[in-house]
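Novice: Quick one: sequence and predicted model below, then my questions.
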Amino acid sequence: MPDKGLKLGCIADDFTGATDLANNLVRAGMRVVQMINVPDLSIAESVDADAVVIALKSRTIPAAEAVDVSLAALAWLRAAGAEQIYFKYCSTFDSTPTGNIGPVTEALMKSLDTDFTIATPAFPDNARTVFKGHLFVGDVLLSDSGMRHHPLTPMTDANLVRILAAQATRPVGLIDHRVVSQGDSAIRARVEQLRSEGVGIAIVDAVSNDDLLRLGPALAGMPLVTAGSGVAIGLPANWGIVPSRSASALPPTTGHQAVISGSVSEATNGQVSDYLRRGLPAYSVDPLSIGSGQDVVGQALEFADQHLASGPVLVYSTDGPEGVRSVQGRLGAVEAGALVEDALGRIARGLVDRGVRQLIVAGGETSGAVIQALGVDQLRIGEQIDPGVPWCAAPLAGGETLHVALKSGNFGTPDFFTKAFAVLERSNA
Ligand SMILES: Nc1ncnc2c1ncn2[C@@H]1O[C@H](COP(=O)(O)OP(=O)(O)OP(=O)(O)O)[C@@H](O)[C@H]1O
Ligand SMILES: O=C(O)[C@@H](O)C(=O)CO
């Protein structure tokens, strides 16, 4: 029987990524608490969970700021007694040549006084696989995927060793599939070899969940693990924890349904199109109208007022690469992102004030903005809708519950927005 103390302390660089990681840990049987931003130190000792995931919004901020906030999260997790630290980034390794994955990893290593860690965004359940150090998204290299058009972190190279080496000061090596396929002791031996050669961070190949389950035991006792959410499936067993369905039960649902989409990813574009094809009510947020000072928030809420009583309402700024490029050319990429995030955050607040209690948010940065605008500080993880996206429960003032699903841009099937509400309804039954 595993003891009650905190085992895994996780730092996630965005909010959808945090729920993705928490989802995999819950499905592997861990009792997980997800915190939004670094909580007050005074509650660190009273936390009762196997894992805590601290959700940051540090993926695209300047590297020095990402390091500071990640170190603050680390300090909290150590005060809470975490035995192992997990730094979670995107399964598409979203970052720029100046960071933030490398600088944050090295700052955590220094603070934990460790000279070695691994790095792998592999998440086979969502078709992210790593082979010979190269990241594939579905059947294509990362650099040929929609990620090459990402508005903030365009990924134009698929060689993870090269990408990480550009961001880190320590040498970066590779634990390739031949080693991983031999299991625990071969992986440990390769770690020792790389270490003796002065390598500080090793990219790890993984093309299947079996690879990740073989990797898990080799990571027992490693002070710091850095990865997408996939590696999480192999860690709980290191503490004798086994899968259990009761870990994901949520309170019954109430209230109206809405979807807010600020994601501009390929998958989200498909999901918005699917929703529109069904003829369901949708309000399109135009970034240029926000930029010119129009009351877009008020107009979106007026539209919602007319439709909420009869079913879900979608509010979206989602657009294809050309539309996004054109907006960015007029407003600036960072400025456009900030304007849209602020508007969608205020719309979310207005929707909840109007009785929305089941809310889907699409996009990592967008989810960060919405969750912060709603003042949510903790999430409980419920049933999985699609790999990487669970329903969550957030306590609202007055004892009510908001059911919220934070969908990463590239996750989910085309019918995600309608399917998600059906999953929630089923879980009520
Ligand atoms: N029409 C638009 N034009 C320009 N920028 C937009 C538009 N719509 C949304 N944005 C901005 O683009 C960014 C999208 O990032 P977000 O992380 O929310 O989604 P994503 O990148 O598609 O998904 P993820 O990061 O989860 O993979 C946000 O800053 C958002 O405000
Ligand atoms: O790993 C992923 O792809 C997601 O959890 C994510 O981080 C999206 O922002």
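Specialist: Structure received. Numbers count the residues shown, from 1 in each chain. Ligands and ions are numbered 1, 2, ... in the order given.
Novice: Please count neighbours and contacts with C-alpha atoms only from this point.
Specialist: OK.
Novice: Name the spans of this protein whose pLDDT lies under the cut-off.
Specialist: 1-2 (pLDDT under 70).
Novice: what's the single longest helix in it?
Specialist: helix 333-353 (DSSP state H).
Novice: For that helix, what is the distance to the chain centroid?
Specialist: Chain-centre distance of helix 333-353: 19 Å, with C-alpha atoms, centre = their mean, to the nearest Å.
Novice: so does it get close to ligand 1?
Specialist: Yes - between helix 333-353 and ligand 1, judged by C-alpha under 6 Å from any ligand atom, the touching residues are Ala336, Gly337, Ala338, Val340, Glu341.
Novice: Please find the angle between the direction vectors of the helix or strand following that helix and helix 333-353.
Specialist: Next helix or strand after helix 333-353 toward the C-terminus (DSSP states H and E): strand 356-362. Angle of strand 356-362 versus helix 333-353, following axes from the mean of the first three to the mean of the last three C-alpha atoms, to 10 degrees, is 160 degrees.
Novice: Could you list every helix and strand in contact with strand 356-362?
Specialist: strand 256-261, strand 401-407 (3 or more C-alpha pairs under 8 Å, 6 or more residues apart in numbering; DSSP states H and E).
Novice: Of those, which is nearest ligand 1?
Specialist: strand 401-407 (6.7 Å; C-alpha to the nearest ligand atom).
Novice: Please work out the angle formed by the directions of the very next helix or strand once past that closest one and strand 256-261.
Specialist: Using DSSP H and E, the helix or strand that directly follows strand 401-407 along the chain is helix 416-428. For helix 416-428 against strand 256-261, the angle by the same axes, to 10 degrees is 140 degrees.
Novice: List the buried residues of helix 416-428.
Specialist: Phe416, Phe417, Thr418, Ala420, Phe421, Val423, Leu424 (16 or more other C-alpha atoms under 10 Å).
Novice: Give me the nearest residue to the third one, chain neighbours excluded.
Specialist: Spatial nearest neighbour of Thr418, chain neighbours left out: Tyr275 (7.4 Å); criterion: C-alpha to C-alpha, 6 or more residues apart in numbering.
Novice: The one you found sits in which helix or strand?
Specialist: Short version, using DSSP H and E: Tyr275 is in helix 266-277.
Novice: next one: phi and psi at His150?
Specialist: Per-residue torsions, His150: phi -60, psi 130 (degrees, to the nearest 10).
Novice: So the residue of the chain found nearest ligand 2 versus ligand 1, what's the distance?
Specialist: Here the chain gets closest to ligand 2 at one residue, Gly17, 3.2 Å apart by C-alpha to the nearest ligand atom. Using C-alpha to the nearest ligand atom, to the nearest Å, Gly17 is found at 8 Å from ligand 1.
Novice: these two touch, right, Asp13 and Ile61?
Specialist: No - here Asp13 lies out of contact with Ile61, judged by C-alpha atoms under 8 Å, at a distance of 10.0 Å.
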